[in-house]
Every structure is written in C-alpha cells, then in structure tokens.
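Chemist: using only what follows, build the 3D model:
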Amino acid sequence: QVQLVESGGGLVQAGGSLRLSCAASGRTFSSYAMGWFRQAPGEERDFVAGISASGGRTDYAESVKGRFTISRVNAKNTVYLQMNSLKPEDTAVYYCAAAPSYYSGSRVYTRYDYWGQGTQVTVSS
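Modeler: This next block holds a predicted model:
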C-alpha cells in the first residue's frame, strides 16, 4: 500500500515556475515507477511525465518536453515535478501516481495503482 500526498500547486503568471512535490508513505516507494498526470475541467486525465523506480529513465509528454523535469529522491520517498516557462494551457489539477516498476514510463493512467488527491495549478495570462 502506498499513500501519496501532493503539494506545491498555486497561481502563477505565464512564464513563471512552480515545483510540485509528492510525498509517499511506505517502505516500498523505491520499487515503484512514478508518474505525474493532469486533468483540466471537462478533459481527460493526461500523462505529463514519468520516472522509473531507480530514477534512471524519464519520459515526457511532447507538450511539456524541455519545460518540465521529473525527479525523485528515494531516500526521502518523494517525487518532484519542476515546471518552468508555464503557459495558461498548463492549468489543471496535477496528480502523482505510482505503478509497478514494469510499467515505467507508461502513459496509460489505468496502469497506475495509487494516486494522490491532486494539487491545483493555475497559470494566468
């Protein structure tokens, strides 16, 4: 069982930056691949970024490549999403999620077993 709690969301102007954190409970955090997804009102939940259990592999949606960076510190049971050059279209609720390690990099949200409650990111123009 893994419990996930996101933090770091907020309101920022276009071009600004935010760093999201996701703190996990449980001693098996380092065995899970982690992902960040986002969902805007009326839209589907979309993959944003993923990272392997060891942190050695990362994957990004085309829309955020070059602007967002996913990282993790297994000793702190935490995964991060650094978001730079934010755009109004990045506005959404952001969720972190945990998946079995063999699903590392998966963009399919149903492959993720555990989810946080989400944190709102709003980018004003």
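Chemist: now the strands for this structure?
Modeler: Assigned by DSSP state E, the chain shows strands spanning 4-7, 10-13, 18-24, 32-39, 46-51, 58-60, 68-73, 78-83, 92-100, 114-115, 119-124.
Chemist: CA atoms only for stretch 51-58, dumped as PDB, please.
Modeler: C-alpha atoms of stretch 51-58 as PDB (Å, rounded to 0.1, in the frame of the first residue of the first chain):
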ATOM      1  CA  ILE A  51      10.200   8.200 -13.900                       C
ATOM      2  CA  SER A  52      11.500   4.700 -13.400                       C
ATOM      3  CA  ALA A  53      11.900   3.200  -9.900                       C
ATOM      4  CA  SER A  54      15.600   3.900  -9.900                       C
ATOM      5  CA  GLY A  55      15.200   7.300 -11.400                       C
ATOM      6  CA  GLY A  56      17.400   6.400 -14.400                       C
ATOM      7  CA  ARG A  57      14.700   6.800 -17.000                       C
ATOM      8  CA  THR A  58      12.300   9.700 -17.600                       C
END
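Chemist: quick revisit: give me whichever of the strands of the chain is most buried.
Modeler: Between the strands of the chain, strand 32-39 has the highest mean count of neighbours, a mean of 25, where neighbours are mean count of other CB atoms under 10 Å. Using the backbone N, CA and C atoms, a C-beta is placed for each residue, glycine as well.
Chemist: quick one: strands adjacent to that one?
Modeler: As defined by DSSP bridges, the strand partners of strand 32-39 come to strand 46-51 (antiparallel), strand 92-100 (antiparallel).
Chemist: what's the angle from the first one to strand 78-83?
Modeler: Going back to what we said before, that points to strand 46-51. Angle between the axes of strand 46-51 and strand 78-83 is 120 degrees (criterion: axes from the mean of the first three to the mean of the last three CA atoms, to 10 degrees).
Chemist: ok, the last one next?
Modeler: Here strand 92-100 runs at an angle of 140 degrees relative to strand 78-83 (the same axes, to 10 degrees).
Chemist: how close does residue 66 sit to residue 124?
Modeler: 22 Å (CB to CB, to the nearest Å).
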